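Peer 1: okay, here's the prediction I keep looking at, along with the sequence it came from:
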Amino acid sequence: MKPPPALQPFVQDDIPLLPWGVREARQRFRGLLAAGTRLTPVGQAADDPEVLLDPRTLPRCALELFGYVVFLSGPLFDPHLGFMVAYMGRKVGPHNAVKALAPRIVYKDISLVWRAATHVIHCPEEDWIGKGALRWRKDGGDVVATSAEETTDLPYEVQGALDSASWTAKPRRDVSAALLVLRNAPAGRIAPYADFTRAREHDQALVQINGGRRVARFRRADEPESLEFVRGFAPDLERGVLKSTFATSNLYGGQVKKTRVLSQNRQIQYQFISSPTHVWINPPQALTTSLTPYGTRTLDVHAPEELFVPGYEYHFMDDATDPPSLHSQIPAGFAGAASKEDAMRADAAAWIERLPPVVEYRRRGLAD
């Protein structure tokens, strides 16, 4: 059976912000509410959604994404996170009616990819933001659950627009928005809720990219040159390079270029990041247009985590264990100097620069 159109690959150009000023974005947002569109937060604002009509959390701009209109607040921050509030409204019917606007929290990760948080944990013992679907892995003799963080990555087609939205105003402090918008889960709950997983489970029962198997592997552990891709799934750095967008990062030395690259078989896409200090690859995404209500794609692309180590990654002695132990997300033996911006993260270039796609990316002059 042929999958529905939303689950078939479709190469979409980068999606810009809509050409609305702040006044027009807010007028259209308020117009929807006046016409009966409901605000549907799942956090503390669920009983009084109008609390989100504070000037700090009102939209300043908007974009359209795969059948959704997305209104975006200006940049905000609390003691743990820099973020924007995104109001996701699905357009339905012949007149593209928007029945509900679901507020979400979108933020930029250390890999410089924008993500949608699935929930929060805020209690005396823990402050944490939900990072997507569960992944099970072996840890010694145990099988433990971790977060598959790439499942919260927003589509690469709108990453440049989100960067632009984050520059619309000076960041403002807001310590309540995340709790107003998102569920506050019990301590220790890393699993997302059904409103994130339901659409994923439905679509993945119909389609799985490469049959649910990894699209790449390392033939030998801790040897970046041993990387190999399943036929057709390697990034096409000759004919599959799409237009770049640009951002800035103090951590990475200034201007950053983000480039989408199609796979050779045009089934998936990669995002290459280049900066004055580093080049790295962010996890591959499907080219499908089906989304969860959080704006993330419903289909996964499985590949080894070691292929997508960002320029700086966690590498520190964890004093919370007894005795203190090394916590590192950089392959053993490849961690460099600690970042001057964040002492808990170390330079991972010694690993990244030996990955064959990164070598080819630089050889072709695409990092410039």
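Peer 2: Sure, I can see it. Note that the structure is a prediction, hence the values are computed from the model and not measured.

Peer 1: now the strands for the stretch 101-250 of the chain?
Peer 2: With strands called from DSSP state E, counting those that start in this stretch, the stretch 101-250 of the chain shows them at 114-116, 120-123, 126-129, 134-139, 142-147, 172-173, 216-218, 227-229, 241-249.

Peer 1: just checking: what are the partner strands of the last one?
Peer 2: According to DSSP bridges, strand 241-249 forms sheet pairs with strand 254-262 (antiparallel).

Peer 1: strand partners of the helix or strand following the partner strand, parallel vs antiparallel please.
Peer 2: Next along the chain after strand 254-262, taking DSSP states H and E as the criterion, comes strand 268-274. If you go by DSSP bridges, strand 268-274 pairs up with strand 254-262 (antiparallel), strand 279-286 (antiparallel).

Peer 1: highest average neighbour count across these?
Peer 2: strand 279-286 (a mean of 23; mean count of other C-beta atoms under 10 Å). Glycine gets a C-beta too; all of them are placed from N, C-alpha and C.

Peer 1: okay, the strands paired with strand 268-274 in TSV with distance to residue 331 and mean pLDDT next?
Peer 2: What follows is the strands paired with strand 268-274, written out as TSV (distance: least, C-beta to C-beta, whole Å; pLDDT from 0 to 100):
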stretch	distance to residue 331	mean pLDDT
strand 254-262	23	97
strand 279-286	13	98
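
Peer 1: and residue 194, which of these is closest to it?
Peer 2: strand 279-286 (21.3 Å; C-beta to C-beta).

Peer 1: and the next element down the chain from that closest one?
Peer 2: Using DSSP H and E, the first helix or strand after strand 279-286 is strand 312-318.

Peer 1: which strands and helices sit next to that following strand?
Peer 2: Where contact means 3 or more C-beta pairs under 8 Å, 6 or more residues apart in numbering; DSSP states H and E, strand 312-318 is packed against strand 325-328, strand 345-347.

Peer 1: show me the biggest helix of this protein in terms of residues.
Peer 2: helix 22-34 (DSSP state H).

Peer 1: list the buried ones in that helix?
Peer 2: 25, 26, 29, 32 (16 or more other C-beta atoms under 10 Å).

Peer 1: now render these as CSV, adding pLDDT.
Peer 2: Formatted as CSV, the buried residues of helix 22-34 follow (pLDDT from 0 to 100):
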residue, pLDDT
25, 97
26, 97
29, 97
32, 97
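
Peer 1: I'd like to know which of those residues is nearest to residue 345.
Peer 2: Once C-beta to C-beta is applied, the member of the buried residues of helix 22-34 that ends up nearest residue 345 is residue 25, at 35.4 Å.

Peer 1: OK, contacts around the nearest residue to the closest one once chain neighbours are set aside?
Peer 2: Distances taken as C-beta to C-beta, 6 or more residues apart in numbering place residue 59 nearest to residue 25, at 4.8 Å, with adjacent residues excluded. For residue 59, the contacting residues are 25, 26, 29, 71, 72, 73, 87, by C-beta atoms under 8 Å, 6 or more residues apart in numbering.

Peer 1: and residue 59, what's its pLDDT?
Peer 2: You'll see residue 59 listed with a pLDDT of 97.

Peer 1: so it bridges to which residues?
Peer 2: With DSSP bridges as the rule, residue 59 is bridged to residue 73.

Peer 1: equivalent analysis for residue 82, please.
Peer 2: Bridge pairing for residue 82 - DSSP bridges - gives residue 77.

Peer 1: from residue 304, how far off is it?
Peer 2: Counting by C-beta to C-beta, to the nearest Å, the gap from residue 82 to residue 304 is 29 Å.

Peer 1: who's in contact with stretch 173-190?
Peer 2: Applying C-beta under 8 Å, 6+ apart, the set of residues contacting stretch 173-190 is 41-45, 51-52, 56-57, 76-79, 81, 83, 85, 103-105, 117-123, 125-126, 128-131, 134, 145-147, 193.

Peer 1: show the buried residues in the residues you listed.
Peer 2: Buried, going by 16+ other C-beta under 10 Å: 41-45, 52, 57, 76, 78, 81, 83, 85, 103-105, 117-122, 128-131, 147, out of the contacts of stretch 173-190.

Peer 1: ranking the strands of the stretch 101-250 of the chain by burial, who's on top?
Peer 2: strand 114-116 (a mean of 25).

Peer 1: who does that strand touch, helix- and strand-wise?
Peer 2: Using 3+ C-beta pairs under 8 Å, 6+ apart, strand 114-116 sits against strand 100-108, helix 159-165.

Peer 1: run through who's touching it.
Peer 2: 86, 104-109, 131, 149, 152-154, 158-159, 162-163, 294-296.

Peer 1: swap the cut-off to 7 Å and go again
Peer 2: 104, 106-109, 152-154, 159, 162, 294-296 (C-beta atoms under 7 Å, 6 or more residues apart in numbering).

Peer 1: give me the domain ranges for this structure.
Peer 2: Under the assignment automatic domain parsing, the domains of the chain span 5-121+148-186, 200-363.

Peer 1: tell me how far the ends of the first one are from each other?
Peer 2: Chord length of domain 5-121+148-186, first to last residue, is 38 Å (C-alpha to C-alpha, to the nearest Å).

Peer 1: and that domain, how far out from the chain's middle?
Peer 2: 13 Å (C-alpha atoms, centre = their mean, to the nearest Å).

Peer 1: residue contacts, the residue nearest the centre of the chain?
Peer 2: Centrality entry for the chain: nearest residue to the mean C-alpha point is residue 153, 2.0 Å, by C-alpha atoms, centre = their mean. Applying C-beta under 7 Å, 6+ apart to residue 153 gives the contacts 113, 115, 283, 285, 296.
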